[in-house]
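Chemist: Fold the following, please.
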Amino acid sequence: MSPIKSQSKNWQEVRLGDIAEIESGGTPDSSRSEYWENGNICWATLPDLKNKYIFDTQRKITAHGLKNSSAKLLPINSIIFSSRATIGEISITKVETSTNQGSKNFICDLRKIYYEFLYYLLKSKVNEIIGLATGATYKEINKTVFSGIEVNIPD
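Modeler: Take a look at the predicted model:
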């Protein structure tokens, strides 16, 4: 895999997986009403990624739905990156949020990178990241590929 790099002096080359925890999303069983009805946990999907910040989502899941699926609750200031079919929509959570499996989610290690910087870094690399997508039916970027992408960040 060829690295995606930014060129500048006094910057260090790092892998995305070394500066942020990368999580996949999940979808609670849609046939189980107890996972959805009266839900109060934000559950982001592609339509929610149209703005820089997410303060609310169109759909919500219940705590029971979160517990009984592969969805994870992301902390505030996580980066959501659409990674399947439509690749490259990016938002920053401003509320605790979960996502479907069509996203890769970055929880920044603030000792290594500031979430706003990662947001703009990923935005600047969308076309290059799309080039790393694989799949016959739907193009997708998996967690392993994202973890290995090399970028340059300021010291």
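
Chemist: Flag the shaky bits of the chain, pLDDT-wise.
Modeler: Counting by pLDDT under 70, the low-confidence segments of the chain come to 1-8.

Chemist: how does it look with 80?
Modeler: The model of the chain has pLDDT under 80 over residues 1-9.

Chemist: Strands of that one, start to end?
Modeler: 11-15, 20-24, 41-44, 53-54, 59-61, 79-84, 86-93, 97-99, 103-108, 150-154 (DSSP state E).

Chemist: Tell me which of the ones you listed lies nearest to Ser30.
Modeler: strand 59-61 (10.2 Å; CB to CB). Every residue, glycine included, has its C-beta placed from N, CA and C.

Chemist: circling back: could you point out which of the strands of the chain sits nearest Ser124?
Modeler: That would be, of these and by CB to CB, strand 150-154, which comes in at 9.5 Å.

Chemist: Show me what the closest one is packed up against.
Modeler: With contacts defined as 3 or more CB pairs under 8 Å, 6 or more residues apart in numbering; DSSP states H and E, strand 150-154 has these neighbours: strand 11-15, helix 16-19, helix 115-124.
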